[in-house]
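S.K.: Here you go, sequence then predicted model.
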Amino acid sequence: MNYPIYLDYNATTPCAPEVIEEMIPYFGTHFGNASSKSHPFGWVAENAVEEAREKVATLIGAKSKEIVFTSGATEAINLGIKGVFEHYLGERQHYITCQTEHKAVLDTLEEIENRGAEVTHLPVDSKGEIDFDLLFKSVKPHTKMISLMWANNETGVIHPVSDIAALCEDQGIIFFTDAVQAVGKIPVNVKGIHLMAMSAHKLYGPKGVGALFVRHNHPLPKPLAQIQGGGHEKGMRSGTLNVPGIVGFGKAAELRSAHLVSEEIRLKSLRDLLETGLLELSDTFLNGSQTHRLPHVSNISFAGVEGEELLRKVCQKVAVSSGSACTSINPKPSHVLEAMGIEPDLGRASIRFSLGMNTKEKEIRDTIEWVNSVVFELRNI
């Protein structure tokens, strides 16, 4: 197949060649179950898992014992939120989040709300940023958790994580953050954070494996397990470990640790080039903060065109996403852009461009030329 230019790295990333190479032996030669404690096949698998755990922990400034492997970020989010809710069962519970969170967080919070929790959804301004004073004022005596993502998957907007962590520490509240789009893209450190979800396939690792960081040696409780049976992962997530996937996650984390700063600088330069070329078009608008933003993400609205047709045409030569997170063509406007006050027609005519490891300058220049020609054509039909 003749693939288009790929600018949808926030949806998923290709496995790095080094990651694939590292994983292959664990499908065949080293096929053991990491829980088989009585023979070398199990020992080799267990050692590989623990080495990967250390690499993931190093990437985020954690201890290896604080990493709980899961099937992905969605499971990690469910474990973190539902696990805390169930710890406090029988008590009055209040949770604070934001309207622009990923659906994995919003839907999980809706589930515990249906089971009796109170949930406050903070609004955002036109840049997608929260009002920190409003966050502070929203805290109640029975607030158990503040759940705010590190960086938004649609706009790249980065929340003031260190300030939120300080507030939570001062108030004795659990701080949970969905850091899926931040880990491996920008420097991330878990200082002050109690729970953090991440995913391998967003940082050039395999799909189907993620992790929940669970802070140790702190008086606030750990989440209760959501999957029982065997007591794997220190009793927090039972089930036979995906050894090849975990090995790949570890290698991907190791690679991101080595190349994080240089890649951040390179991608910001390419992203700025892309925005300069596209925003020269009349009636185009950058969605989200220009300052507190991931270096590789642009979300741009194109007025005067029909959104579904825009996305369909652009994707003939450039693979991108609409404003709706993690979806293909969808006539509904993004809940993120809607929360930012962007009117529905303009929200539907928005494209998220997310750059990555294999993005080259020529691809950016070709994208500018193609998108400009598509918009010009659609506006003049």
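M.R.: Arrived safely. Residues are numbered from 1 along each chain as shown.
S.K.: Just the buried residues of the host helix or strand of Ala165, please?
M.R.: Ala165 is located in helix 161-171, with elements delineated by DSSP states H and E. By neighbour count on 16 or more other C-beta atoms under 10 Å, the buried set for helix 161-171 is Val161, Ile164, Ala165, Leu167, Cys168, Glu169. Every residue, glycine included, has its C-beta placed from N, CA and C.
S.K.: ditto for stretch 55-70
M.R.: Quick answer for stretch 55-70 (16+ other C-beta under 10 Å): Lys55, Val56, Ala57, Leu59, Ile60, Ala62, Glu66, Ile67, Val68, Phe69, Thr70.
S.K.: Kindly report the same for stretch 16-23.
M.R.: Ala16, Val19, Glu22, Met23.
S.K.: and the host helix or strand of the last one, what does it pack onto?
M.R.: Assessed by DSSP H and E, Met23 sits inside helix 17-23. Other elements packing on helix 17-23 under the criterion 3 or more C-beta pairs under 8 Å, 6 or more residues apart in numbering; DSSP states H and E are helix 243-278.
S.K.: buried ones in the helix or strand following the helix it packs on?
M.R.: Remark: after helix 243-278, the chain's next helix or strand is strand 284-286, criterion DSSP H and E. By neighbour count on 16+ other C-beta under 10 Å, the buried set for strand 284-286 is Thr284, Leu286.
S.K.: For Asn10, which non-adjacent residue is closest in space?
M.R.: For Asn10, ignoring the flanking residues on the chain, the nearest one in space by C-beta to C-beta, 6 or more residues apart in numbering is Ser354 at 3.8 Å.
S.K.: and Glu154, how many neighbours?
M.R.: 28 (other C-beta atoms under 10 Å).
S.K.: I figured His232 hits Thr240, correct?
M.R.: Yes - between His232 and Thr240 there is a contact at 7.4 Å, judged by C-beta atoms under 8 Å.
S.K.: picking up where we left off before, ok, the residue nearest to Asn10 - contacts?
M.R.: Contact analysis of Ser354 by C-beta atoms under 8 Å, 6 or more residues apart in numbering lists Leu7, Asp8, Tyr9, Asn10, Ala11, Gly156, His296, Val297, Ser298, Ser321.
S.K.: Could you pick out the buried ones from those residues?
M.R.: Buried among these (16+ other C-beta under 10 Å): Leu7, Asp8, Tyr9, Asn10, Ala11, Gly156, His296, Val297, Ser298, Ser321.
S.K.: Please identify which of those residues is nearest to Leu281.
M.R.: Ser298 (13.3 Å; C-beta to C-beta).
S.K.: where's the closest one, which helix or strand?
M.R.: strand 297-302.
S.K.: Please, where are all the strands along this structure?
M.R.: 5-6, 67-70, 94-98, 118-122, 143-147, 174-178, 195-199, 210-214, 284-286, 297-302, 318-319, 321-322, 350-354 (DSSP state E).
S.K.: Put together TSV for those strands, with mean pLDDT on each row.
M.R.: Shown next, in TSV, are those (pLDDT from 0 to 100):
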stretch	mean pLDDT
strand 5-6	98
strand 67-70	98
strand 94-98	98
strand 118-122	98
strand 143-147	98
strand 174-178	98
strand 195-199	98
strand 210-214	98
strand 284-286	97
strand 297-302	97
strand 318-319	98
strand 321-322	90
strand 350-354	97
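S.K.: which of these is buried the deepest?
M.R.: strand 195-199 (a mean of 29; mean count of other C-beta atoms under 10 Å).
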